[in-house]
Every structure is written in C-alpha cells, then in structure tokens.
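# below is the sequence, then the predicted model.
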Amino acid sequence: MRSATSDTTGEIPILSRPRWSAYDTFVIGAGAPEGIAVGDKISSGEFILGEVMEVYERTSLVLLYSTAGKKIEAQISGKFPIELVGSGGGTFTADIAVDAPVAEGDKIMSQGVSPDVFAIIEAVDDVGGGSAKLYARLPVNIFELRGVEIRK
C-alpha cells in the first residue's frame with residue numbers, strides 16, 4: 001500500500017487538473033486507505049497550493065487556494081498585510097494603496113495557510129485615485145503538475 005505522503009517518486013499522482021476538472025481543483029490518486037483526510041494541505045516541493053476537500057476510497061478532491069473568490073489573509077515578504085482573492089487559474093488579486101511597499105517577485109506567506117510561500121507577486125498596476133491592483137500567482141504552473149505531496 002502506498003503511503004499518503006509518497007509513492008516511488010515521493011508524489012501522489014494528479015488524475016485530473018484544471019481544464020479537465022472543475023476550475024482550480026485537482027483529483028488526486030489517493031484516498032482514505034492511504035490516510036488522506038479533509039483539511040490536509042497539498043504542496044509541490046516547498047509550495048503549499050491548496051487543501052483536501054473531499055476524500056473517497058481511491059481518490060480525493062483538492063481545492064486550490066487560487067479558486068475564484070476564495071479569500072486569504074496573507075503577508076508580503078513577512079512585513080505587509082494583505083487580503084488576496086483567488087481569481088482562478090492559479091492566480092490572485094488584491095487592492096492595495098499605490099504607495100504600498102511591494103514589488104514584482106515579492107513572496108507571499110500566510111500563517112492561516114502555511115508559514116511557507118504560497119504565492120508570488122506578478123505585477124502591480126496603478127488604477128488611479130491612490131489605488132493599485134496587485135496580481136499574484138501560485139509559484140508553480142498548475143496546468144503542468146503531475147503530482148503533489150500531502151502535508152498533515
């Protein structure tokens with residue numbers, strides 16, 4: 001029997017991902033017999049991507065943090081608080097002040113998700129009136145992932 005945290009490659013295979021599964025969800029090839037539980041975090045390398053929402057006999061459904069409308073309290077580079085909103089497709093947005101101390105490439109963490117990085121700032125656009133729109137993305141391409149790891 002394969003363990004919940006590894007198989008021969010250290011990953012649980014993704015059976016279905018966005019484009020073939022519901023928007024910003026994965027179906028993974030492990031379920032209750034392998035110890036998968038609702039609320040388990042999934043990662044790719046050091047990056048937390050989402051959490052297990054449903055567990056079945058042979059598979060589990062994972063909801064990515066970038067799911068459209070999902071809100072996450074976070075910090076940029078451990079110093080600037082922000083509320084990210086999932087936009088789908090592995091991306092997030094946030095409304096910030098135009099003079100906020102953030103830049104493209106800054107790492108985003110959230111104690112509610114994990115102390116590890118879960119997003120990276122892709123761009124910050126001035127929208128006028130002293131406001132800016134921040135665009136962030138998951139640090140991996142969710143459309144190309146073949147497997148994930150479980151973090152209890």
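Right, received. Where do you want to start? Numbers count the residues shown, from 1 in each chain.
# tell me the pLDDT at G88?
You'll see G88 listed with a pLDDT of 90.
# now the residue nearest to it when sequence neighbours are not counted, what's its secondary structure?
The spatial neighbour of G88 that comes closest, neighbours along the chain excluded (CB to CB, 6 or more residues apart in numbering), is A68 at 4.1 Å. C-beta: built from backbone N, CA, C; applies to glycine. Here A68 is recorded as coil under DSSP: H, G, I helix; E, B strand; the rest coil.
# repeat that for V140.
Going by three-state DSSP, the secondary structure assigned to V140 is coil.
# so it makes contact with L49?
Yes. Checked against CB atoms under 8 Å, the pair V140 and L49 is within contact range at 7.1 Å.
# so between the two, which is more surrounded?
When V140 and L49 are compared on other CB atoms under 10 Å, the one with more neighbours turns out to be L49, at 28 against 15.
# so the more buried one sits right up against L138, yeah?
Yes. Counting by CB under 8 Å, L138 is a contact partner of L49 at 5.9 Å.
# ok, the residue lying farthest from the centre of the chain to D95 distance?
Distance to the chain centre peaks in the chain at G129, reaching 30.8 Å (criterion: CA atoms, centre = their mean). Distance, G129 to D95, using CB to CB, to the nearest Å: 11 Å.
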